[in-house]
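Chemist: pasting a predicted model and its sequence here:
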Amino acid sequence: MALPVTAIIAGLLALWMIFLQTRVIGFRRGTRVSLGHADDVMGERLIRAHGNAAENIPIFLILLGLSEGLGTPSWVLWLLGLTFIAGRVLHGIHFFKVRQGGMMRVLGMMLTFFPLGATALGVIGHGLDSL
């Protein structure tokens, strides 16, 4: 079974992950730090931006693929996928700024949690309905 919406969303998120990873690589090359962040605040922020994305993206893609496989309408998949991407981008961009706190981080996590929670509940509902 083909999962075209999930495939496109996964590809876009992979490109975002590559971007985040290149920021970490740039930091490491510039500071000659091969592991960790050597107490450099910006290094820590870049590493966490990449790490947080790596923690959230896989489970969302699993849930989105399950949703698509279970027959969720394409427009719902696109809404969830693009909202999740927006959340990940806003959250990641927040970490490129030196200032702590901020609305981009909060909005980014809200736009991450909504589609993550909605897909989780959707696949649970589909699963229970199929028992």
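Modeler: Yep, that arrived. Residues are numbered from 1 along each chain as shown.

Chemist: just give me how far the host helix or strand of Phe27 sits from the chain centre.
Modeler: Phe27 is located in helix 4-31, with elements delineated by DSSP states H and E. Chain-centre distance of helix 4-31: 10 Å, with C-alpha atoms, centre = their mean, to the nearest Å.

Chemist: of all the residues in the following helix or strand past it, which ones are buried?
Modeler: Downstream of helix 4-31, the first helix or strand assigned by DSSP H and E is helix 41-69. Neighbour-count burial for helix 41-69, counted by 16 or more other C-beta atoms under 10 Å, picks out 42-43, 45-47, 49-50, 52-53, 56-57, 60-61, 63-68. Yep, even glycine has a C-beta here, placed from its N, CA and C like the rest.

Chemist: give me the angle between the helix or strand that helix 41-69 is followed by and helix 4-31.
Modeler: Going down the chain from helix 41-69, the next helix or strand is helix 74-94, by DSSP H and E. Orientation check (axes from the mean of the first three to the mean of the last three C-alpha atoms, to 10 degrees): helix 74-94 against helix 4-31 gives 10 degrees.

Chemist: against which helices or strands is helix 74-94 packed?
Modeler: helix 4-31, helix 41-69, helix 103-130 (3 or more C-beta pairs under 8 Å, 6 or more residues apart in numbering; DSSP states H and E).

Chemist: now do the longest one, average pLDDT.
Modeler: Model confidence over helix 41-69 averages 93 on the pLDDT scale.

Chemist: now do it: which elements does it pack against?
Modeler: For helix 41-69, the packing partners by 3+ C-beta pairs under 8 Å, 6+ apart come out as helix 4-31, helix 74-94, helix 103-130.
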